[in-house]
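Asker: With the input below, show me the fold.
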Amino acid sequence: MSGLKAAGVEQIARVEGINHALAERIYANLHGLSAPANPTVPGPDRT
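Answerer: Got it, this is the predicted structure:
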């Protein structure tokens with residue numbers, strides 16, 4: 001987990017199955033930041 005917290009958005013996005021928008025959300029959540037207001041890719045709860 002500490003490795004994930006130390007990673008930046010670009011590093012997180014390199015993980016198979018994680019796109020850039022999801023990487024931004026993961027990074028924001030791990031660092032107590034607000035997730036992007038307008039995600040570039042709709043999530044499962046957005047259509």
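Asker: What is the lengthiest helix in the chain packed up against?
Answerer: Criterion DSSP state H: the longest helix present in the chain is helix 20-30. Applying 3 or more Cβ pairs under 8 Å, 6 or more residues apart in numbering; DSSP states H and E, one finds that helix 20-30 contacts helix 2-6, helix 9-13. From N, CA and C alone the C-beta is placed, and that goes for glycine too.
Asker: which residues sit in contact with residue 12?
Answerer: Residues in contact with residue 12 (Cβ atoms under 8 Å, 6 or more residues apart in numbering) are 4, 18, 23, 26-27.
Asker: Quick check: chain neighbours aside, which residue is closest to it?
Answerer: Leaving aside its chain neighbours, residue 12 sits nearest to residue 23 (3.9 Å; criterion: Cβ to Cβ, 6 or more residues apart in numbering).
Asker: Count residues in the vicinity of that neighbour, would you?
Answerer: Residue 23 has 19 neighbours, counted by other Cβ atoms under 10 Å.
Asker: pLDDT wise, what is it at?
Answerer: pLDDT, residue 23: 95.
Asker: do residue 12 as well
Answerer: pLDDT, residue 12: 96.
Asker: So it versus residue 6, what's the distance?
Answerer: 10 Å (Cβ to Cβ, to the nearest Å).
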